[in-house]
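In: After the sequence you'll find the predicted model.
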Amino acid sequence: MSGSTSSDASGPHARGPALEPLGPVLAPLDMTVHSLPAPGDAVAAARQQRGRWQALAVLLVCAAPVLASYFAYYVVRPDGRRSYGELIDPQKPIPALAATDTQGRSVDLRSLAGQWLLVSVGPGACPDDCRQNLYLQRQLRESLGRERDRLDRVWLVTDGAPLPEAITPGLADATVLRVDAAALAQWLAPAAGAALADHLYVVDPLGHWMLRFPAHLDAAGAGRARRDLDRLLRASGSWDKAGRGEGEGVVQ
């Protein structure tokens, strides 16, 4: 036997082989805790979001009449049908023109805004074509039935000639104003080859001239014009009511 001091590998005190792991070593669990928003921050965020929605709602309410009026411009052609009147693009707002009523009092033409208007133009002597337009203007308004109070008749007289007594009774429910013809051309205009007095013009409650009926309307044309007016009034019925708001209107 040799004098080696090493122990017999097979002896009772021998160390056994290293143990292999039974499976993959598990990493320690990540116990990181993410910070939560403070209750006050959540309330502030909710309040800010609610404020934004409220501001948007107010904006939509304020813009509704404008949006509705632009919608009304185009409902005269529902389902692809064309309007009888000619749509004016872009629409032209009432200018700041001086006018006078039948008593000679000064009136700002912009005070006509706030109501649908059916406008006729002509000289004070009002020849036959002028009288025909005034007659059809009145008939068109009356044909609207209960909606007629949402449409005002306006006759813009373009000179200083006295008005014929024969037509005065028919103007009882109309607004008659004298306006310089050259100044009026800043706002209204006839179709090519026609005169300013040949047409009836439609103005919306925001004061925009937006429709021009063909010159020299006859009975058949008046019926088609009536359908245009009816569609306009129905389309704007949710926001436009009869009469003008406080502080609006024209001196009669």
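Out: Thanks, I have it. Numbers count the residues shown, from 1 in each chain.

In: Show me where the stretch 51-200 of the chain has its strands.
Out: With DSSP state E, counting those that start in this stretch, the ranges of strands along the stretch 51-200 of the chain come out as 86-93, 98-100, 106-108, 116-122, 151-157, 174-178, 200-203.

In: What residues sit buried inside the third one?
Out: If you call a residue buried by 16 or more other C-beta atoms under 10 Å, then strand 106-108 has these buried ones: Val107. (C-beta placed from N, C-alpha, C; glycine too.)

In: could you dump the strands of the stretch 51-200 of the chain to TSV with distance to Trp53 and mean pLDDT?
Out: Output for these, formatted as TSV (distance: least, C-beta to C-beta, whole Å; pLDDT from 0 to 100):
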stretch	distance to Trp53	mean pLDDT
strand 86-93	32	94
strand 98-100	45	95
strand 106-108	39	96
strand 116-122	34	97
strand 151-157	37	97
strand 174-178	43	97
strand 200-203	36	98
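
In: possible to save the ones you listed as CSV with distance to Val58?
Out: Converted to CSV, the strands of the stretch 51-200 of the chain look like this (distance: least, C-beta to C-beta, whole Å):
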stretch, distance to Val58
strand 86-93, 24
strand 98-100, 36
strand 106-108, 30
strand 116-122, 26
strand 151-157, 30
strand 174-178, 34
strand 200-203, 28
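
In: which of those is buried the deepest?
Out: Of these, the one with the most neighbours on average (mean count of other C-beta atoms under 10 Å) is strand 200-203, at a mean of 24.

In: which helices and strands sit right next to that one?
Out: Other elements packing on strand 200-203 under the criterion 3 or more C-beta pairs under 8 Å, 6 or more residues apart in numbering; DSSP states H and E are strand 116-122, helix 128-142, strand 208-212, helix 219-235.

In: give me that answer again for 10 Å
Out: strand 86-93, strand 116-122, helix 128-142, strand 151-157, strand 208-212, helix 219-235 (3 or more C-beta pairs under 10 Å, 6 or more residues apart in numbering; DSSP states H and E).

In: quick one: strands adjacent to that strand?
Out: Strand pairing for strand 200-203, using DSSP bridges, gives strand 116-122 (antiparallel), strand 208-212 (antiparallel).

In: mind checking how far that strand is from the chain centre?
Out: Chain-centre distance of strand 200-203: 18 Å, with C-alpha atoms, centre = their mean, to the nearest Å.

In: The strands of the stretch 51-200 of the chain: which one's closest to Ala225?
Out: Closest to Ala225 of these, according to C-beta to C-beta: strand 200-203, at 7.1 Å.

In: Export only the CA atoms of the closest one, formatted as PDB.
Out: Listed next in PDB are the C-alpha coordinates belonging to strand 200-203 (Å, rounded to 0.1, in the frame of the first residue of the first chain):
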ATOM      1  CA  LEU A 200     -87.300  88.900 -57.100                       C
ATOM      2  CA  TYR A 201     -84.400  88.300 -54.700                       C
ATOM      3  CA  VAL A 202     -84.200  86.000 -51.600                       C
ATOM      4  CA  VAL A 203     -82.200  87.100 -48.500                       C
END
